[in-house]
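This is the structure alone, sequence omitted:
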């Protein structure tokens, strides 16, 4: 970083020296040539469109504006209409031409040389005349002609020697400017390089700690916006990795527990059949049924784990199509009617219109089933589950409500995570795999659907999701 700054400052000084010292003379000459051409065009235009008095006044104004020495003489050279030492026109009765000064005689003495080049250049010529002590002159001569006017000759002299003194002054100044610039560049580069690289070193060291498994690290970004943003991003990644590590540990613990219980039951009842009830058909069948139930529980757990794994890996493609969401929910609730008869549950479906949505029907049914199963587990003493389907803006909202213990506000965002159990929901009426809401989250995320939870402790919870509305039909 320090080297880049110093090299940049040195390169900048080199460019400045080349432009201001070595190329200034050529640049100055080029600009003077362009300026002289513009002045010549203005004079030629003024001669064609104005009378003599007005033309000579224009020449005087141009000479003063551009600081050039201009001579206007008759074609035969006998009459001088305008010269630099005069302030106005020769023919004007109130003005008289002054005698040329010594420095102006230097220009007049070059007229013969300019005339020779004009003869070779068909009436006009640009000539650079080398003077004494490097006092070069850029000279231009041209014959002015116009209809019904006597021709005149204009001579324009533009001194080039001021650039030599300018270069000397610039050279002396640039020596000091270069020294000061290099010193300032070195100090500034050291300061900036430390301000930039020191936070980067700290971030690098913190990243090494993160790679070593030390999560929850707070990265320091220094003084620059980009470094602060980088540090904030890495800090967020560190926090998420810490959460992921905790979830992984919880996952292993929960899976181990969920697998251990049915396996223990299967082993215990298998031993009971072998040792006690093998010859007793009634007891044997009861024990075998327990083994079958626990095996089914294991199968559900494994299937749920495989399902969420496929959803999170993105390998399970959605088969979206338009379908009747109202009928889909009714068919799901129909399978729960036996629980109303045997266990006293109440399922209230509130919807008076057939809503059609564009989604994967089987996956959405799985979401509704999981939300119903979750509501049944925590439905409370009234054993009532309410399912509401209604239009909300451009979407259709499905809401599953229970009157159970509710969920604390600080836990609402985490209940969709795998195996997370709310502190108020530790007592379950029925056991599950702990993956139901996580599966719902993955399916709804793939549908790019809105979803969430509204809950009040002691009053119950409402789980909802929204799908894009297609159309609706009145129910018969």
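In hand now; what should we look at? Every value quoted in this text rests on a predicted model; they were computed, and no experiment measured them.

tell me the domain boundaries of this protein?
2-166, 225-313, 321-474 (automatic domain parsing).

which non-adjacent residue is nearest residue 128?
Leaving aside its chain neighbours, residue 128 sits nearest to residue 138 (5.6 Å; criterion: C-beta to C-beta, 6 or more residues apart in numbering). C-beta coordinates here come from the backbone N, C-alpha and C atoms, glycine included.

Phi and psi next, for that neighbour.
phi -100, psi 120 (degrees, to the nearest 10).

Give me the pLDDT for it.
According to the prediction, residue 138 has pLDDT 82.

coming back round to it: any chance of the domains of the chain in TSV, plus mean neighbour count and distance to residue 189?
Shown next, in TSV, are the domains of the chain (neighbours: other C-beta atoms under 10 Å; distance: least, C-beta to C-beta, whole Å):
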stretch	mean neighbour count	distance to residue 189
domain 2-166	15	3
domain 225-313	14	18
domain 321-474	17	47
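
could those domains go into TSV alongside distance to residue 208?
Shown next, in TSV, are the domains of the chain (distance: least, C-beta to C-beta, whole Å):
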stretch	distance to residue 208
domain 2-166	24
domain 225-313	12
domain 321-474	29
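
Listing partners with orientation, what would you give for the helix or strand harbouring residue 322?
Using DSSP states H and E, the element containing residue 322 is strand 321-324. Looking at strand 321-324 with DSSP bridges, its partner strands are strand 353-359 (antiparallel).

State the mean pLDDT of the strand it pairs with.
Strand 353-359 comes out at a mean pLDDT of 91.

And the contacts of it?
Strand 353-359 is contacted from outside by 318, 320-327, 364, 389, 391, 396, 447, 449, 467-475, using C-beta atoms under 8 Å, 6 or more residues apart in numbering.

run the last query once more with 6 Å
Contact with strand 353-359 is made by 320, 322, 324-326, 396, 447, 467-468, 470-473, 475, as judged by C-beta atoms under 6 Å, 6 or more residues apart in numbering.

any idea how far the helix or strand that contains residue 194 is from the chain center?
In this structure, residue 194 sits in helix 162-211 according to DSSP H and E. Centre-to-centre, helix 162-211 and its host chain are 28 Å apart (C-alpha atoms, centre = their mean, to the nearest Å).

what helices or strands is that helix leaning on?
helix 2-17, helix 24-49 (3 or more C-beta pairs under 6 Å, 6 or more residues apart in numbering; DSSP states H and E).

Please report the distance of residue 277 from residue 292.
Remark: distance between residue 277 and residue 292 (C-beta to C-beta, to the nearest Å) = 15 Å.

Residue 55: what's it in contact with?
Residue 55 touches 46-47, counting by C-beta under 6 Å, 6+ apart.

Tell me if I am right that it is in a helix.
Yes. Residue 55 sits within a helix when classified using DSSP: H, G, I helix; E, B strand; the rest coil.

and the gap between it and residue 43?
8 Å.

Now residue 291. Its backbone dihedrals?
According to degrees, to the nearest 10, residue 291 has phi -60, psi -40.

Hmm, residue 269 and it touching each other?
Yes. Residue 291 is within contact range of residue 269, at 5.1 Å (criterion: C-beta atoms under 6 Å).

about what we covered before: now list whatever residues contact both of residue 55 and residue 43.
By C-beta under 6 Å, 6+ apart, no residue touches both residue 55 and residue 43.

wait, what's in contact with residue 284?
Counted by C-beta under 6 Å, 6+ apart, residue 284 has contacts 273, 277.

host element of it?
Using DSSP H and E, residue 284 falls in helix 281-313.

and that helix, average pLDDT?
76.

distance between that helix and the chain's centre?
That offset, for helix 281-313, works out to 50 Å (C-alpha atoms, centre = their mean).

Distance of residue 437 relative to residue 333?
With C-beta to C-beta as the criterion, residue 437 and residue 333 are 19 Å apart.

Who are the packing partners of the longest strand along the chain?
The single longest strand within the chain, with elements called by DSSP state E, is strand 460-474. When contacts are defined as 3+ C-beta pairs under 6 Å, 6+ apart, strand 460-474 sits against strand 353-359, strand 395-402, strand 450-456.

that older thread, for residue 126, state which of the contacts of strand 353-359 is nearest.
residue 468 (78.0 Å; C-beta to C-beta).

partners of the strand or helix carrying residue 389 in the sheet?
Element membership of residue 389 [criterion: DSSP H and E] is strand 384-392. Applying DSSP bridges, strand 384-392 is found paired with strand 346-350 (parallel), strand 395-402 (antiparallel).

for the helix or strand where residue 268 lies, packing partners?
Per DSSP H and E: residue 268 is located in helix 225-272. With contacts taken as 3+ C-beta pairs under 6 Å, 6+ apart, helix 225-272 sits against helix 281-313.

tilt between the helix it packs on and helix 225-272?
Put simply, helix 281-313 runs at 160 degrees to helix 225-272, going by axes from the mean of the first three to the mean of the last three C-alpha atoms, to 10 degrees.

Show me what secondary structure element comes after the strand holding residue 322.
Taking DSSP H and E, what comes next after strand 321-324 is helix 325-335.

What are the contacting residues of that next one?
Contacts for helix 325-335 (C-beta under 6 Å, 6+ apart): 347, 349, 351, 354-355, 357, 365, 368-369.

so for the strand holding residue 322, what's the average pLDDT?
For strand 321-324, the per-residue pLDDT averages 92.

ok, back up a step: hmm, residue 31 and the residue nearest to residue 128 touching each other?
No. Contact criterion C-beta under 6 Å: residue 138 and residue 31 do not qualify, at 10.5 Å.

For the host helix or strand of residue 116, name the packing helices and strands.
Residue 116 is part of helix 111-120 when elements are defined by DSSP H and E. Helix 111-120 is packed against strand 124-129, strand 137-144, with contacts defined by 3+ C-beta pairs under 6 Å, 6+ apart.

what's that helix in contact with?
125, 127, 139, 141, 155.

how close does the fourth one sit to residue 83?
Spatial separation of residue 141 from residue 83 under the definition C-beta to C-beta is 14 Å.

And the second one, by the same measure?
Applying C-beta to C-beta, the value for residue 127 to residue 83 is 19 Å.

now do residue 372
Distance from residue 372 to residue 83, by C-beta to C-beta: 109 Å.

Over to residue 125?
In terms of C-beta to C-beta, residue 125 sits 20 Å off from residue 83.

what do you get for residue 457?
From residue 457 to residue 83 the distance is 105 Å (C-beta to C-beta).

Residue 465 too?
Distance from residue 465 to residue 83, by C-beta to C-beta: 97 Å.
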